[in-house]
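**Q** only geometry, no sequence info:
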């Protein structure tokens with residue numbers, strides 16, 4: 001298992017590509033509208049994974065650059081998008097990569113920037129944005145408790161008993177702190193979504209989360225079997241009520 005927590009997803013590129021959630025298209029339309037993204041514009045996506053939030057930018061015709069730390073994830077991106085003439089990617093670390101004199105109209109991430117130290121992330125973004133450029137930080141908040149409280153409680157019992165991870169998630173990143181680094185806050189805006197999984201699909205999805213990838217081997221099967229049994233017990237369906245959130249700043 002990779003020691004760098006930012007590389008945990010790189011061990012499962014195909015599974016990640018299949019099961020990670022794509023955001024509400026209305027969120028992407030909104031980011032395009034605010035940033036004016038299109039031909040003649042440039043954008044940088046930080047940590048695209050396998051492209052769950054990349055199509056809208058590439059399709060806009062902008063000069064698109066992604067920086068992805070994971071070697072296998074970067075290769076997956078190339079498989080999917082290398083035929084597009086405006087697509088470019090570097091397999092490198094955003095914290096240290098030399099962008100030269102390159103500046104961007106839009107810099108964005110989807111549930112990625114929180115893996116970077118806050119001061120480094122905001123400071124580098126500020127330096128890389130053009131004057132008037134936009135920072136868009138996207139994330140997903142999910143609720144599966146409200147649709148089925150009894151199932152939620154049974155799943156939580158499994159977590160309490162068997163969820164022992166070798167690399168706990170303890171990142172500290174404040175999405176509302178961009179103003180401390182010279183950026184001007186525009187707004188926080190959310191867009192709704194809904195997902196359904198059966199027990200096996202839900203386990204596949206869970207297996208793409210960083211803390212679940214790094215589950216202690218002693219408890220892995222007990223955990224996933226317990227969650228699967230809980231879902232089957234309550235109708236073999238997990239419903240997620242999602243909110244896809246974007247935080248917008250301007251330089």
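**A** Looks like it arrived, so ask away. Note that the coordinates shown come from a computational prediction; the quantities given were computed from them, not determined experimentally.

**Q** how long is stretch 200-212 end to end?
**A** Looking at stretch 200-212, the gap from its leading to its trailing residue is 15 Å under the measure C-alpha to C-alpha, to the nearest Å.

**Q** The chain: strands as residue ranges?
**A** Per DSSP state E, the chain carries strands over the ranges 42-46, 63-68, 87-91, 104-110, 129-143, 184-197, 238-250.

**Q** Can you tell me which of those strands is most buried?
**A** For the strands of the chain, the stretch with the most neighbours on average is strand 104-110, a mean of 25; neighbours defined as mean count of other C-beta atoms under 10 Å. In this view, the C-beta of every residue, glycine as well, is placed from N, C-alpha and C.

**Q** other SSEs contacting that strand?
**A** Using 3 or more C-beta pairs under 8 Å, 6 or more residues apart in numbering; DSSP states H and E as the contact criterion, the neighbours of strand 104-110 among helices and strands are helix 25-35, strand 42-46, helix 118-128, strand 129-143.

**Q** I'd like these as TSV, with mean pLDDT and distance to residue 77 appended.
**A** What follows is the helices and strands packed on strand 104-110, written out as TSV (pLDDT from 0 to 100; distance: least, C-beta to C-beta, whole Å):
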stretch	mean pLDDT	distance to residue 77
helix 25-35	97	17
strand 42-46	98	10
helix 118-128	97	20
strand 129-143	97	17
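
**Q** Those: which one's closest to residue 156?
**A** strand 129-143 (13.5 Å; C-beta to C-beta).

**Q** what angle separates that closest one from strand 42-46?
**A** Comparing the axes of strand 129-143 and strand 42-46 via axes from the mean of the first three to the mean of the last three C-alpha atoms, to 10 degrees yields an angle of 40 degrees.

**Q** Strand 129-143: how far from the chain's middle?
**A** For strand 129-143, the distance from its own C-alpha centre to the chain's C-alpha centre is 11 Å (C-alpha atoms, centre = their mean, to the nearest Å).

**Q** which residues sit in contact with residue 162?
**A** Going by C-beta atoms under 8 Å, 6 or more residues apart in numbering, residue 162 touches 219, 222-223, 226.

**Q** Show me which of the residues you listed is closest to residue 145.
**A** Each of those was scored against residue 145 by C-beta to C-beta, and residue 226 proved nearest at 17.3 Å.

**Q** Give me the ChimeraX select line for the contacts of residue 162, limited to the buried ones.
**A** Selection of buried members from the contacts of residue 162 for ChimeraX, criterion 16 or more other C-beta atoms under 10 Å:
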select :223,226
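
**Q** Which of the contacts of residue 162 fall in helices?
**A** Secondary structure from DSSP state H places 219, 222-223, 226 of these in helices.

**Q** so what's the closest residue to residue 23 other than its chain neighbours up against?
**A** Setting aside the residues directly before and after it, residue 23 is nearest to residue 244 in space (C-beta to C-beta, 6 or more residues apart in numbering), at 4.4 Å. With C-beta under 8 Å, 6+ apart as the criterion, the residues that contact residue 244 are 23-24, 27, 138-140, 190-193.
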